[in-house]
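# Quick check, what structure comes out for this input:
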Amino acid sequence: MKRLSPLFVVFLSVILLSSCFRNTPSETKQKHDSSNSIETSDFSSDNFNINSLEDLYQFLTFNDDRYPLISAHRGGDTDGYPENAIESFQYWAKQFPLIIECDVRLSKDSALVLMHDETLDRTSNGTGRIGKYTLAELKELRLKDSNGELTNFQIPTLEEALTWGKGNVLFTLDVKQDVPYGLLSQIIQQTNAQASVIVITYNANQARAIYRINPDLMISASVKSEKDLVKLAEAGIPDNRLVAFVGTSQPKKPLVELLHSHGIKTILGTIGNLDKQAKSRGYQVYAEYVEKGADILSTDNPGEAQKALDFYINKRNIKSPFINR
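Coordinates of the predicted model:
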């Protein structure tokens, strides 16, 4: 692990109290015939050997031999496979271990469902706001793929996704504003999915709120500067409950080194310009992002990004007791 410069360490010692960060005791593409829905109930990829919260904390703690992962943005939609659909999650989980980033919204009758937009129009054959429909009504709709083609796939509930996902994938849950954290925590606990879940937050106040409701959950927090890390420490979030989303452009080296020195892994959002850069320069660019300190790549191109990670992992003979590969 690289050491911070002496000047930088002195600066940090002034603004940070080491006790604030002390850990608490732990606890490609393929066309799909949308006339036939994938049978997901018996599918098991067993990509992950994570059986407890302790396993999850260890796996998501940075070390020099960390196993880099892809996070499929909105579940990795591709031809014939819609975003935020369990069938799309399964399509990728058959190919390699990954994190599924998906979006959680609230129905009229307080069911938690997976959908990015506030309205149904873009990604389904429904219209209007999701919050005006009951779960039963939402289940009558069908999802569209990235080309706008209608599939036979339904809008999944969070409960269905988490039940399917254990052992197959990890999840980062982008929880929309109308979703109560208490209800979210209840569904995660009911499905016994705490060791499969990371909850996305966008500021220290949100991180504090979810931590107070369920202090065992892993949290993805936005960290764009040292000040953001200080705020999370002041909110009482332990290092071993955090992964840091560092933005959609390459972060400065001192920030990456600071996070890694606290054992905090980084998520780099390649969605947008960095994915475009990889498309123009070649998929090996994704490995360069990892070389520069990204531990998880949140991407719209999971297949291409994984090619680079496979090369990176094989070249360095990286293995993890938590990955069955």
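# Report how many residues lie close to N214.
18 (other CB atoms under 10 Å). (Each C-beta comes from the backbone N, C-alpha and C, glycine too.)
# My guess is it contacts I188. True?
Yes. At 7.4 Å, N214 counts as touching I188 under the criterion of CB atoms under 8 Å.
# anything in contact with each of these two?
Q194 (CB atoms under 8 Å, 6 or more residues apart in numbering).
# Can you report phi and psi for E291?
Main-chain torsions, E291, degrees, to the nearest 10: phi -60, psi -30.
# What lies in contact with the longest helix seen in the chain?
With secondary structure taken from DSSP state H, the chain has its longest helix at helix 302-316. Outside helix 302-316, the residues within contact range by CB under 8 Å, 6+ apart are 28-29, 67-70, 72, 76, 78, 92, 95-96, 98, 270, 278-279, 283-287, 290-291, 297, 299, 318.
# Buried residues in it, which are they?
Across helix 302-316, burial judged by 16 or more other CB atoms under 10 Å covers 302-309, 312-313.
# Same question for stretch 278-289.
For stretch 278-289, by 16+ other CB under 10 Å, it's 278, 283, 285-287, 289.
# same deal with stretch 258-278?
258-271, 274-275, 277-278.
# quick one: average confidence on that stretch?
Summarised as a single mean, pLDDT over stretch 258-278 is 97.
# Span of that stretch from start to end?
End-to-end distance for stretch 258-278: 26 Å, by CA to CA, to the nearest Å.
# and the longest helix of the chain, how far out from the chain's middle?
18 Å (CA atoms, centre = their mean, to the nearest Å).
# In this structure, spot the strand with the most residues.
Assignment by DSSP state E gives strand 98-106 as the longest strand of the chain.
# Counting by contacts, list what that one packs against.
The contact analysis (3 or more CB pairs under 8 Å, 6 or more residues apart in numbering; DSSP states H and E) places strand 98-106 against strand 69-72, helix 86-93, strand 112-114, helix 158-165, strand 170-175.
# Any idea which of the ones you listed gets closest to D46?
Nearest to D46 among the helices and strands packed on strand 98-106 is helix 86-93 (9.8 Å), distances taken as CB to CB.
# Now do that closest one: everything it contacts.
Taking CB under 8 Å, 6+ apart as the rule, helix 86-93 contacts 30, 32, 37-38, 40, 43, 45, 47, 72, 75-78, 81-82, 98, 100, 102, 151, 153, 156, 160-161, 164-165, 168-169, 302-303.
# Could I get the CA-only coordinates of that helix as CSV?
The C-alpha trace of helix 86-93 is given here as CSV (Å, rounded to 0.1, in the frame of the first residue of the first chain):
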residue,chain,number,x,y,z
ILE,A,86,-34.1,-9.8,-12.8
GLU,A,87,-33.7,-11.4,-16.2
SER,A,88,-31.1,-8.9,-17.1
PHE,A,89,-29.3,-9.4,-13.8
GLN,A,90,-29.3,-13.2,-14.5
TYR,A,91,-27.9,-12.6,-18.0
TRP,A,92,-24.8,-11.0,-16.6
ALA,A,93,-24.5,-13.2,-13.5
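# quick one: average confidence on it?
98.
# coming back round to it: need the buried residues of helix 302-316 in CSV (columns: pLDDT).
Formatted as CSV, these follow (pLDDT from 0 to 100):
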residue, pLDDT
P302, 98
G303, 97
E304, 96
A305, 98
Q306, 98
K307, 97
A308, 97
L309, 98
Y312, 97
I313, 97
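# which one of those residues sits closest to Q58?
I313 (18.4 Å).
# How much space separates that closest one from Y67?
Distance, I313 to Y67, using CB to CB, to the nearest Å: 7 Å.
# for S107, same thing?
36 Å.
# Would you mind telling me which of the two has the busier surroundings?
S107 (21 against 17).
# just checking, the more buried one touches G131?
Yes. Contact status for S107 versus G131: in contact at 6.9 Å, counting by CB under 8 Å.
# quick one: strands adjacent to the longest strand of the chain?
Applying DSSP bridges to the sheet, strand 98-106 is found paired with strand 69-72 (parallel), strand 112-114 (antiparallel), strand 170-175 (parallel).
# could I have it exported to CSV, CA atoms only?
Provided in CSV are the C-alpha atoms of strand 98-106 (Å, rounded to 0.1, in the frame of the first residue of the first chain):
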residue,chain,number,x,y,z
LEU,A,98,-20.6,-8.6,-10.5
ILE,A,99,-22.5,-6.0,-8.6
ILE,A,100,-25.9,-5.0,-9.8
GLU,A,101,-26.8,-1.3,-9.4
CYS,A,102,-30.6,-0.9,-9.4
ASP,A,103,-33.2,1.7,-8.5
VAL,A,104,-35.9,1.4,-5.8
ARG,A,105,-39.3,3.2,-6.0
LEU,A,106,-42.6,3.1,-4.1
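# Between helix 302-316 and that strand, find me the angle.
Orientation note: strand 98-106 sits at an angle of 140 degrees relative to helix 302-316 (axes from the mean of the first three to the mean of the last three CA atoms, to 10 degrees).
# Could you tell me the average pLDDT over strand 98-106, please?
On average, strand 98-106 scores 98.
# sorry, back to before: just the ones of the buried residues of stretch 258-278 in helices?
258-261, 274-275, 277-278.
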